[in-house]
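Asker: This is the structure alone, sequence omitted:
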């Protein structure tokens, strides 16, 4: 059987370079703190007008398990989605925005069939505001996504925005809860014409890499079974040097090639 190794040089270097530039710009904007430290009130919920995440206190309340909050009385979660990782934009005022990634929950909040009342949006919103505030969270934004967030969403088209029916006209109320284990972000998304509210939770955490480097014996097994093995080699961003996992991959490939001089490699 003809055997070959197919090496894929990751394009993640270019992608990461763009991301690093964008993240750097976002980070610089997020860290800019206005001299004014005034706050305003909206429906008895504190809304911050300047943002310094380090000044938000860490809650010591018992928060339970993900996604932490049940639906209000008379209402039910519908079309629930849970993901190990998803990204979403959160705003802080008319210009500050950050992209948050982590464990993801999304659901529509619908009225129960036996609920004879009209859909009470104010009741649903107030129920979540009070619950999050009781846990120690704070409201960080209210309104349609700001201009910067809209531009980023239009450019990147994240899957989380598809859950909002790709609708930039929705009003969003966003919250942040800091706990010892990390940050938890909440969003209520409302449209005047709909008898439903969308609810999103992100438990912030870094992306967990679950793909490992194939060792020489595993590469040989694939070659023996299918006649080929596909491997990925990652380079440092904007450089010709290999990342640590790239060096490991090359070492494992070299071991296989030393034992089979007829092996062909393609890139």
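Answerer: Sure thing, it's come through. The structure presented is a predicted model; accordingly, all values stated were derived computationally and were not measured.

Asker: Would you confirm that residue 265 contacts residue 257?
Answerer: Yes. Taking Cβ atoms under 8 Å as the definition, residue 265 is a contact partner of residue 257 at 7.3 Å. Heads up, the C-betas are built off the backbone N, CA and C, glycines and all.

Asker: okay, these two: which has more neighbours?
Answerer: Shown here are residue 265 and residue 257; by other Cβ atoms under 10 Å, residue 257 has more neighbours (16 against 12).

Asker: The closest residue in space to that one that isn't next to it in sequence: neighbour count?
Answerer: The spatial neighbour of residue 257 that comes closest, neighbours along the chain excluded (Cβ to Cβ, 6 or more residues apart in numbering), is residue 263 at 5.3 Å. Other residues within reach of residue 263 by the criterion other Cβ under 10 Å amount to 18.

Asker: ok, now how distant is residue 263 from residue 224?
Answerer: Here the criterion is Cβ to Cβ, to the nearest Å. By it, residue 263 lies 12 Å from residue 224.

Asker: where do the contact lists of these two overlap?
Answerer: Shared contacts of residue 263 and residue 224 (Cβ atoms under 8 Å, 6 or more residues apart in numbering): none.

Asker: I'd like to check which residues are in contact with residue 127.
Answerer: Residue 127 touches 72-73, counting by Cβ under 8 Å, 6+ apart.

Asker: and it, that one's in a helix?
Answerer: Yes. Under DSSP: H, G, I helix; E, B strand; the rest coil, residue 127 sits within a helix.

Asker: From residue 121, how far off is it?
Answerer: Taking Cβ to Cβ, one finds residue 127 at 11 Å from residue 121.

Asker: now swap in residue 163 and tell me
Answerer: Residue 163 is 19 Å from residue 121, where distance means Cβ to Cβ.

Asker: Residue 249 now?
Answerer: Note on residue 249: its distance to residue 121, by Cβ to Cβ, is 54 Å.

Asker: quick one: which of those two has more around it?
Answerer: residue 249 (21 against 17).

Asker: related to what we said a few turns ago, can you verify my assumption that the residue nearest to residue 257 contacts residue 255?
Answerer: No. Using Cβ under 8 Å, residue 263 is not in contact with residue 255, being 11.2 Å away.

Asker: in the stretch 51-200 of the chain, which spans are helices?
Answerer: 121-135, 147-156, 159-162 (DSSP state H, counting those that start in this stretch).

Asker: Could you provide these in CSV, with additional columns for distance to residue 57 and mean pLDDT?
Answerer: Formatted as CSV, these follow (distance: least, Cβ to Cβ, whole Å; pLDDT from 0 to 100):
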stretch, distance to residue 57, mean pLDDT
helix 121-135, 12, 97
helix 147-156, 26, 92
helix 159-162, 27, 91
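
Asker: Dump these to CSV, plus distance to residue 97.
Answerer: Below are the helices of the stretch 51-200 of the chain laid out as CSV (distance: least, Cβ to Cβ, whole Å):
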stretch, distance to residue 97
helix 121-135, 20
helix 147-156, 4
helix 159-162, 13
